[in-house]
Structure formats: structure tokens, C-alpha cells
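Trainee: test case, fold it:
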Amino acid sequence: MNKRKLGKESEEKAVRFLKKKGYRILANNFQNRIAEIDIIAQQGDIMCFIEVKARHTMKYGLPREAITPSKIRKIIKGAQSYINYKGIRNTQFRFDVIEIFLQDNRINHIEDAFSV
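Mentor: Residues are numbered from 1 along each chain as shown. From the prediction side, this is the model:
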């Protein structure tokens, strides 16, 4: 399976997982010239910007370890851009990571994985 297809399938799996937990999906693959955000979702009154990472094995470490400081900065800037674009005010937000372990079909949702 190529990297793009793996990413798409992993994001779809993450969306299904979030919906089962009661999240409302606002956007998938939000892109602008600054960044791409895999999933933007709402949990109650909190807006969540979610990065999805998947791994077949632990050979290269945990999925979350693939999120570099540079990637975090891009996600934060992308989130700020989304908030400004939509004219969102007075809303709490957080940055989550969803790890997908393909070998044993397991999902780990890390809320507040990083902050501004």
C-alpha cells in the first residue's frame, strides 16, 4: 500500500473512531499554503485540530514520534489560519494526535498532545 493510500485510510479510520466518541467532524484535510490539518472536529465546545499518524510496526518508533517540532509549528499556524478564515471567536481549542497501530488494529487518541 502506498503512503498516500495508507494516510487516507488511516484518516478515515480516525474519523469513524471520533464519530463513535461523539465528535462532530468539521473538516478533513484542511489545506492552505501554510499547512494541512488532517481532521478538524468539535467535542462539545472545544475545537480539536487532529494529526493522524499510522504505523505497521514499531520499527521506527511510535506514530506520534514522527511529528517533528517543525510539523507542530505548521499545524499551529494552519489552525490559526482556519480560525481566522472561519471568523471563529471565543472558542477553546486543542491539538490532538491519533495514533493508529495497523498490526493489531488499535487506535490511541492523545488529547492535548501539544500546545501553542
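Trainee: pLDDT value on K8, please?
Mentor: Listed pLDDT for K8 reads 89.
Trainee: ditto for A66
Mentor: With respect to pLDDT, A66 has a value of 92.
Trainee: what of the one 5 residues further on?
Mentor: In the prediction, the pLDDT value recorded for K71 is 94.
Trainee: same check, this time on M1
Mentor: So M1 comes in at 63 (pLDDT).
Trainee: try M47
Mentor: 98.
Trainee: just to be sure, it is in a strand?
Mentor: Yes - under DSSP: H, G, I helix; E, B strand; the rest coil, M47 sits within a strand.
Trainee: so what's it up against?
Mentor: Applying CB atoms under 8 Å, 6 or more residues apart in numbering to M47 gives the contacts L26, I40, A41, I83, I88, T91, Q92, F93, R94. Placement of C-beta: from N, CA and C, glycine included.
Trainee: where does the fourth one land in three-state SS?
Mentor: Okay, so that is I83. I83 ends up helix, using three-state DSSP.
Trainee: now do the contacts for it.
Mentor: Here I83 is in contact with M47, T91, F93 (criterion: CB under 8 Å, 6+ apart).
Trainee: which one of the residues you listed sits closest to K19?
Mentor: M47 (16.0 Å; CB to CB).
Trainee: pretty sure H109 contacts F17?
Mentor: Yes - counting by CB atoms under 8 Å, H109 does reach F17; the two are 7.1 Å apart.
Trainee: still on that earlier bit, ok, of the contacts of I83, which one's closest to I67?
Mentor: Distances from I67 to these, taken by CB to CB, are shortest for F93, at 17.4 Å.
Trainee: helix or strand with the lowest mean pLDDT in this structure?
Mentor: helix 3-20 (a mean of 92; mean pLDDT, DSSP states H and E).
Trainee: thinking L26 is in contact with A41, fair?
Mentor: Yes - if you go by CB under 8 Å, L26 and A41 touch, sitting 6.0 Å apart.
Trainee: and A79, how many neighbours?
Mentor: 22 (other CB atoms under 10 Å).
Trainee: not counting sequence-adjacent ones, nearest residue to it?
Mentor: F49 (4.4 Å; CB to CB, 6 or more residues apart in numbering).
Trainee: nothing else from me, thank you.
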